[in-house]
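J.: sequence unavailable; structure follows:
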(Lines give C-alpha, C1' and ligand atoms only; values in the text may rest on other atoms or scores of the structure.)
Protein backbone atom coordinates (compact mmCIF):
# COMPACT_ATOMS: atom_id res chain seq x y z
CA UNK A 1 0.00 0.00 0.00
CA UNK A 2 1.13 3.52 -0.73
CA UNK A 3 2.21 5.61 2.22
CA UNK A 4 2.52 9.38 2.10
CA UNK A 5 5.81 10.96 3.12
CA UNK A 6 4.05 12.74 6.00
CA UNK A 7 3.01 9.33 7.44
CA UNK A 8 6.51 7.92 7.29
CA UNK A 9 7.81 6.36 10.51
CA UNK A 10 11.19 7.78 11.37
CA UNK A 11 13.41 5.43 13.43
CA UNK A 12 15.05 6.79 16.55
CA UNK A 13 18.56 5.73 17.57
CA UNK A 14 18.29 4.50 21.16
CA UNK A 15 19.07 1.46 23.27
CA UNK A 16 16.71 -1.08 24.79
CA UNK A 17 16.29 -0.39 28.52
CA UNK A 18 17.30 -3.20 30.86
CA UNK A 19 13.86 -3.43 32.52
CA UNK A 20 12.24 -4.20 29.13
CA UNK A 21 14.38 -7.23 28.29
CA UNK A 22 12.56 -10.53 27.81
CA UNK A 23 14.09 -13.13 30.10
CA UNK A 24 13.31 -16.79 29.50
CA UNK A 25 13.31 -18.92 32.64
CA UNK A 26 12.85 -22.63 33.26
CA UNK A 27 11.47 -23.11 36.80
CA UNK A 28 11.14 -26.84 36.13
CA UNK A 29 12.11 -29.27 33.42
CA UNK A 30 9.18 -29.19 30.94
CA UNK A 31 9.99 -32.69 29.71
CA UNK A 32 9.21 -34.17 33.14
CA UNK A 33 5.56 -33.09 32.94
CA UNK A 34 4.89 -34.63 29.52
CA UNK A 35 2.36 -37.46 29.58
CA UNK A 36 3.75 -40.83 28.53
CA UNK A 37 3.19 -41.98 24.96
CA UNK A 38 2.01 -45.54 24.51
CA UNK A 39 3.59 -47.80 21.90
CA UNK A 40 0.05 -49.05 21.13
CA UNK A 41 -2.09 -45.89 21.16
CA UNK A 42 -5.87 -46.18 21.62
CA UNK A 43 -8.40 -45.25 18.96
CA UNK A 44 -9.30 -41.58 18.68
CA UNK A 45 -11.95 -40.38 21.14
CA UNK A 46 -13.11 -36.76 20.62
CA UNK A 47 -12.32 -34.35 23.46
CA UNK A 48 -13.44 -30.89 24.48
CA UNK A 49 -11.32 -28.92 21.98
CA UNK A 50 -10.23 -31.61 19.56
CA UNK A 51 -13.60 -32.70 18.23
CA UNK A 52 -14.19 -35.20 15.42
CA UNK A 53 -14.95 -32.36 13.00
CA UNK A 54 -11.67 -30.59 13.81
CA UNK A 55 -9.75 -33.84 13.52
CA UNK A 56 -11.29 -34.37 10.09
CA UNK A 57 -10.23 -30.83 9.12
CA UNK A 58 -6.63 -31.67 10.06
CA UNK A 59 -6.78 -34.62 7.65
CA UNK A 60 -4.79 -37.04 9.80
CA UNK A 61 -7.04 -40.01 9.00
CA UNK A 62 -7.76 -39.09 5.39
CA UNK A 63 -4.21 -39.23 4.00
CA UNK A 64 -2.32 -42.34 2.93
CA UNK A 65 1.08 -40.99 4.00
CA UNK A 66 0.88 -42.38 7.55
CA UNK A 67 0.26 -45.97 8.53
CA UNK A 68 -2.87 -46.62 10.63
CA UNK A 69 -0.82 -47.03 13.83
CA UNK A 70 0.97 -43.75 13.12
CA UNK A 71 -2.37 -42.01 12.57
CA UNK A 72 -3.55 -43.27 15.95
CA UNK A 73 -0.30 -42.10 17.52
CA UNK A 74 -0.72 -38.58 16.05
CA UNK A 75 -4.28 -38.47 17.35
CA UNK A 76 -3.13 -39.69 20.77
CA UNK A 77 -0.39 -37.03 21.03
CA UNK A 78 -2.84 -34.31 19.94
CA UNK A 79 -5.38 -35.49 22.51
CA UNK A 80 -2.76 -35.46 25.28
CA UNK A 81 -2.02 -31.82 24.42
CA UNK A 82 -5.44 -30.65 23.24
CA UNK A 83 -5.52 -27.65 25.60
CA UNK A 84 -2.52 -26.25 23.70
CA UNK A 85 -4.59 -26.12 20.49
CA UNK A 86 -6.79 -23.15 19.60
CA UNK A 87 -9.16 -22.80 16.68
CA UNK A 88 -10.58 -19.37 17.55
CA UNK A 89 -9.81 -16.37 19.77
CA UNK A 90 -11.87 -17.64 22.70
CA UNK A 91 -9.60 -20.71 23.06
CA UNK A 92 -6.38 -18.72 22.84
CA UNK A 93 -4.19 -18.66 25.94
CA UNK A 94 -0.81 -17.25 26.85
CA UNK A 95 2.52 -18.38 28.26
CA UNK A 96 2.78 -18.84 32.01
CA UNK A 97 4.52 -15.99 33.84
CA UNK A 98 6.97 -18.47 35.39
CA UNK A 99 8.51 -19.00 31.94
CA UNK A 100 8.04 -15.61 30.27
CA UNK A 101 7.22 -12.41 32.17
CA UNK A 102 4.75 -9.99 30.53
CA UNK A 103 6.30 -8.05 27.67
CA UNK A 104 7.08 -4.39 28.30
CA UNK A 105 7.12 -2.19 25.21
CA UNK A 106 9.30 0.83 25.93
CA UNK A 107 8.39 4.21 24.48
CA UNK A 108 10.30 7.46 24.30
CA UNK A 109 9.06 11.01 24.66
CA UNK A 110 8.15 12.63 21.40
CA UNK A 111 10.35 15.43 20.15
CA UNK A 112 8.78 17.26 17.21
CA UNK A 113 10.82 17.68 14.07
CA UNK A 114 9.48 21.19 13.53
CA UNK A 115 8.31 23.55 16.27
CA UNK A 116 5.29 25.41 14.94
CA UNK A 117 4.83 29.07 15.71
CA UNK A 118 1.69 29.57 17.77
CA UNK A 119 -0.91 31.71 15.99
CA UNK A 120 -0.75 35.42 16.80
CA UNK A 121 -4.14 36.92 17.61
CA UNK A 122 -5.20 39.91 15.48
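T.: Cool, got the structure. Fair warning: this is a prediction, and the values are worked out from it, not measured in the lab.
J.: check the gap between the residue most central in space within the chain and residue 103 for me.
T.: Closest to where the C-alpha atoms of the chain average out (Cα atoms, centre = their mean) is residue 94, at 7.2 Å. As judged by Cβ to Cβ, to the nearest Å, residue 94 and residue 103 stand 10 Å apart. (Glycine included, C-beta is placed from N, CA and C.)
J.: please apply the same query to residue 62.
T.: 39 Å.
J.: can you pull the contacts of residue 13?
T.: Remark: with contacts taken as Cβ atoms under 8 Å, 6 or more residues apart in numbering, residue 13 is in contact with nothing.
J.: the one 3 residues further on too?
T.: Residues in contact with residue 16 (Cβ under 8 Å, 6+ apart) are residue 106.
J.: low-confidence ranges in this protein?
T.: 1 (pLDDT under 70).
J.: show me where it has helices.
T.: With DSSP state H, the ranges of helices along the chain come out as 52-58, 68-80.
J.: tell me what the last one is packed against?
T.: When contacts are defined as 3 or more Cβ pairs under 8 Å, 6 or more residues apart in numbering; DSSP states H and E, helix 68-80 packs onto helix 52-58.
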